[in-house]
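[1] Structural data only, the sequence is not supplied:
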């Protein structure tokens, strides 16, 4: 099992500036992508025929939401190719532009009552574009920050980045909470639903401007100097030379995705639909849980620097089902403890902040973005598109199924660590990272 790198000084003002700009831009982009889920119920009423059964409208609305996940691999692979060939910074800035434009259009577009079935079709197209954009954002952000981070502080830097990215979820939850408190449901259906999407488009354009100030990573600049001519395609090189890293990367992504799906996507909707909790209260609780997730990501990153990333992921794989159990026990048995349960679940989902430290070490610098992007986006696309729909369909039978799901995924995390941390693939990858 890999050992922690001794902590060394060197997190300079410039490094904090780079990390801050990367995290802020990522938060704005994730907000643009996730705000859809907080208004899934509202959008299901606005973009589908009123005579359609309510459960079917909601299911189709979530179907359009998860289509964004299905589009991630294509956008991620294309953007990753250019990131490995042309530079991390260029793609890092392009991805947020591709996200902000569709978000703004969603806020301005007509609904089903105005243009009929063209409304859900246009909404579907815009979600595909957003999915392609976020598919390039996350892998590029991980690599960009990891390659800028001082030695011995990569876990902390990536944990802070993940806290920034998940802060986008918090922005979405806070926005939804404020709107449901300020406006009535009739006003939200009439016009107020547009506000978060228009704001998201504007925020995204601000993020594009902020990323002008970022510098290319020193690792890529060194590779550029060494590179004499164009070599094989990065994706082909990943498959040919680093195939052993693909399986752990896929499993780790499923683990990370499961924590996000449980805490951010499924639970807020279940609280409203299954437990009749008011939308404003559900969003407020979700905001608390995401805030604790932000903290959990930073703590997990710190822990990865101290005890090693594999050990940190092992620990948080065990904590994930315990956090889910605390949340759903309070939700089902005694809702007076619900805020505390949500906070505990958010902290236990710190695996979201630990996994990136492993992912950046699984592939060498020359193909790092492509390696992460293809595995992360394929796993995320399939897992995040299937599991929310499946869990929402099954939980009316028993909400405890969510806890069982997290227990299974925690076991997947443990088995991944035990199976690969001591294997030759893990040691080879660690050696490749040390040489970069």
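    Right, received. Where do you want to start? The structure displayed is predicted, hence computed values, not measured ones.
[2] which helix is the longest one in this structure?
    Using DSSP state H, we find that the single longest helix of the chain is helix 118-148.
[3] how far does that helix sit from the chain's center?
    From the chain centre to the centre of helix 118-148 is a distance of 10 Å (C-alpha atoms, centre = their mean, to the nearest Å).
[4] and that helix, which residues are buried?
    Under the neighbour-count criterion of 16 or more other C-beta atoms under 10 Å, helix 118-148 has 119-120, 122-124, 126-148 buried. In short, each C-beta sits where N, CA and C put it, glycine included.
[5] for it, what is the average pLDDT?
    Throughout helix 118-148, pLDDT has a mean value of 82.
[6] just checking, next helix/strand downstream of it?
    helix 154-182 (DSSP states H and E).
[7] After that next one, heading C-terminal, what element do we hit next?
    Following helix 154-182 toward the C-terminus (DSSP H and E): helix 185-187.
[8] got the contact list for residue 47?
    Residues in contact with residue 47 (C-beta atoms under 8 Å, 6 or more residues apart in numbering) are 61, 64, 111, 112, 119, 120, 123.
[9] could I get those as CSV with distance to residue 203?
    Shown next, in CSV, are the contacts of residue 47 (distance: C-beta to C-beta, whole Å):
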residue, distance to residue 203
61, 23
64, 22
111, 23
112, 27
119, 24
120, 25
123, 20
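[10] ok, which pair from the residues you listed is furthest apart?
    Distance extremes for the contacts of residue 47: the farthest pair is 64 and 111 at 13.5 Å, using C-beta to C-beta.
[11] the more surrounded of these two?
    residue 64 (22 against 18; other C-beta atoms under 10 Å).
[12] For the helix or strand where the more buried one lies, the averaged confidence score.
    Assigned by DSSP H and E, residue 64 belongs to helix 54-70. The average pLDDT within helix 54-70 is 70.
[13] ok, now stretch 188-202?
    For stretch 188-202, the per-residue pLDDT averages 90.
[14] Give me the contacts around it.
    By C-beta under 8 Å, 6+ apart, the list of residues contacting stretch 188-202 from outside reads 28, 31-32, 35, 38-39, 42-43, 45-46, 100-101, 103-108, 172, 175-176, 179-180, 182-183.
[15] A PyMOL selection for those residues, restricted to the buried ones, would help me check which they are.
    This is how PyMOL selects the buried members of those, with burial counted by 16+ other C-beta under 10 Å:
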select buried, resi 28+31+32+35+38+39+42+43+45+46+100+101+103+104+105+106+107+172+175+176+179+180+183
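[16] Touching, residue 175 and residue 34? I think so.
    No. Judged on C-beta atoms under 8 Å, residue 175 makes no contact with residue 34 at a distance of 10.3 Å.
[17] thinking residue 371 is in contact with residue 360, fair?
    No. Assessed by C-beta under 8 Å, residue 371 is found out of contact with residue 360, at 9.5 Å.
[18] and those two? which has more neighbours close in?
    residue 371 (30 against 26).
[19] Contact partners for that one?
    By C-beta under 8 Å, 6+ apart, the neighbours of residue 371 are 234, 238, 242, 245, 246, 249, 362, 363.
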